[in-house]
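Student: Next one to model:
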Amino acid sequence: MPMHAIVTIKEECNKQISCEVDIRYTTDVNHCLYDYGFLNVWYTCKKILDFSCDFESVLCNWSPEHDENRFKWKRGNRIDYLYTPSVDHTSASTTGKYVYIYAAGSKLDDIANLESGEIVAVEQQCLSFWYFTTNSRDSVFVYQNEKELVDLSDKEEEKWHHIQIYLEKNSYDSFKLVFKVVRGNGWKKHYGAISIDDILIENQNCNSLILNCDFESNSCDWNIDEFNKYVWKRQNGQPPFYHTGQTTDHSTASDSGNYMYLSSTVDTIAYLEFQNVNLHVSGNFCLTFWYHMYHDEDYEMERLNVTFDNELVWTDYANQDNKWKRAMIDLQNRMNMSIKFIGILGSNWWNDIDIAIDDISLAEGTCTGLFYHEDNCVQLDEKTPEETKCPKGYLNITNSRLSFDPEKRECTKIYDQTKNHLLKECENRDNSQKCVFDFSTEKSSHPGCYQLYEFQIMHTCEG
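Tutor: The predicted structure is shown next:
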């Protein structure tokens, strides 16, 4: 109890046989003894939406809608050497999948749509995807409901391009995204294929990554061990030996794109380090990168390690498939951060062994696409109910927790009933609404269980 509250009691009760003192308002706002206790809330919100898709195995509930069977979106890979991408964007391999539309046999003004299902709108949302076209004849648009977001027509260039679009909430609670292609007049323009890969829809602003490096223009302040003869180098295209390494970077899946590369014929260890990163973030975040480790023979003399503050957090070794592979590592922020990529190559005098890295990024939240939210010491005597940070459609109720401070042993059953009631209310709400924790009914029904303090005051009497 604050000392000035004790002084007040002594003054009011001085030499009295009995007394009653109200000390609730004798202290300042930071030390006041409130009528009721506190609520602690813990829950998770989805960051990555269900319609995000790399199309490797399924369409992820994207629906092809078309006028005629001859003109529609399909999932697959190269069908024609001249018109479709030789590799997908996800793995930059010939076996990878994407969605495409190939206009041969179509008629003027035919329309083909690729539609998502209903997406719950929030204040901050971003759509990103990779786009490849050899088609300058047809018109390509992206819509949010009836609103045109971007016109991709006349963007013919034979490499994968990254497109980002901020999604405005506007007045609707939910919306659909549509990729729309309209068959044009091909008299003077080139017809070919239109391809899309790696659609990502996130409940956050575009360009919100803490760190993002594709090595296209520089090394992004990643420190290279200059004292080592065999070091990580930024390069593009295929390595010197045709039977080892990648033929493209990961970002653009083209021979003009850049990546970091390590090669040697002797035993060597090389470090690629990002040290003392000033991250303005607390809690969980996700480190993502793409790597390539391939040789036409099965060697086990190459290894890639990742350390976080000199602690090993990830490793892979030996011959992998001839494609870029993604690695994702859940980490927690620390005061002095050091992230190292350590390439270890064994002796192979008759040929080079190599490792490549590309597209390193750091993002808030977990690698599973969840944001953790925790609100502690929410005052139960406040009139404003506690509202979640995301709508019910993105709220993971199964991992939610509520607790009260203080919790009285005799009220355990009441607390359990309250928690179950409130979480059930959140489940029953519409997906577009936020969950509201309103304790007014519980407080009025069982005030003794939610009162903050009960005092027993001992005193001595003179003579």
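Student: number of nearby residues for the nearest residue to residue 370 once chain neighbours are set aside?
Tutor: Nearest non-adjacent residue to residue 370, counting by CB to CB, 6 or more residues apart in numbering: residue 44, 4.4 Å away. Any C-beta I mention is one placed from the backbone N, CA and C, and that applies to glycine too. Applying other CB atoms under 10 Å, we find 22 residues neighbouring residue 44.
Student: ok so residue 44 is a strand residue?
Tutor: Yes - assessed by DSSP: H, G, I helix; E, B strand; the rest coil, residue 44 belongs to a strand.
Student: correct me, but it touches residue 398?
Tutor: No - look at residue 44 against residue 398 with CB atoms under 8 Å: they stay out of range, at 9.2 Å.
Student: Residue nearest the middle of this structure, spatially speaking?
Tutor: Nearest to the mean C-alpha position of the chain, counting by CA atoms, centre = their mean, stands residue 369 at 4.5 Å.
Student: Leaving out chain neighbours, which residue sits closest to that residue?
Tutor: Per CB to CB, 6+ apart, closest to residue 369 is residue 48, 3.3 Å.
Student: hey, what's the one you found bridged with?
Tutor: Per DSSP bridges, the residues bridged to residue 48 are residue 202.
Student: check contacts around it.
Tutor: 200, 201, 202, 369 (CB atoms under 8 Å, 6 or more residues apart in numbering).
Student: cool, residue 223 as well?
Tutor: 271, 272, 273, 274, 275.
Student: Got a quick ChimeraX command for the buried subset of the residues you listed?
Tutor: Selection command for ChimeraX covering only the buried members of the contacts of residue 223, criterion 16 or more other CB atoms under 10 Å:
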select :271,272,274
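Student: quick one: the residue nearest to the centre of the chain and residue 46 touch, right?
Tutor: Yes - here residue 369 reaches residue 46: they are 6.1 Å apart, a contact under CB under 8 Å.
Student: Outline the domain layout of this protein.
Tutor: 34-46+208-463, 63-202 (automatic domain parsing).
Student: Out of these, which is the most enclosed?
Tutor: Compared across those, domain 63-202 shows the largest average neighbour count, a mean of 18 (mean count of other CB atoms under 10 Å).
Student: For the chain, which element, helix or strand, carries the lowest mean pLDDT?
Tutor: helix 3-12 (a mean of 68; mean pLDDT, DSSP states H and E).
Student: could you dump the contacts of residue 223 to JSON lines with secondary structure and distance to residue 166?
Tutor: JSON lines is the format used below for the contacts of residue 223 (DSSP: H, G, I helix; E, B strand; the rest coil; distance: CB to CB, whole Å):
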{"residue": "271", "secondary structure": "strand", "distance to residue 166": "38"}
{"residue": "272", "secondary structure": "strand", "distance to residue 166": "33"}
{"residue": "273", "secondary structure": "strand", "distance to residue 166": "34"}
{"residue": "274", "secondary structure": "strand", "distance to residue 166": "28"}
{"residue": "275", "secondary structure": "strand", "distance to residue 166": "33"}
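Student: closest to residue 8 among the contacts of residue 223?
Tutor: The shortest approach to residue 8 among the contacts of residue 223 belongs to residue 275, at 55.2 Å (CB to CB).
Student: Name whatever forms a beta bridge with the closest one.
Tutor: residue 338.
Student: contacting residues around stretch 321-339?
Tutor: With CB under 8 Å, 6+ apart as the criterion, stretch 321-339 contacts 90-93, 95-96, 246, 250, 273-277, 279, 281-292, 294, 306-310, 313-314, 316, 358, 366-367.
Student: mind listing which of those are in strands?
Tutor: Per DSSP state E, strands hold the following members of the contacts of stretch 321-339: 273-275, 284-292, 306-308, 313-314, 316, 358.
Student: Do you have the helices of the chain handy? List them.
Tutor: 3-12, 412-428, 440-445, 447-450 (DSSP state H).
Student: Of all these, which one comes closest to residue 232?
Tutor: helix 412-428 (48.7 Å).
Student: Remind me what the closest one packs against, helices and strands.
Tutor: Using 3 or more CB pairs under 8 Å, 6 or more residues apart in numbering; DSSP states H and E, the elements in contact with helix 412-428 are strand 395-405, strand 434-437, helix 440-445.
Student: For those, give me JSON lines that also has mean pLDDT.
Tutor: Shown next, in JSON lines, are those (pLDDT from 0 to 100):
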{"stretch": "strand 395-405", "mean pLDDT": "79"}
{"stretch": "strand 434-437", "mean pLDDT": "82"}
{"stretch": "helix 440-445", "mean pLDDT": "79"}
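Student: Sweet, I'm off.
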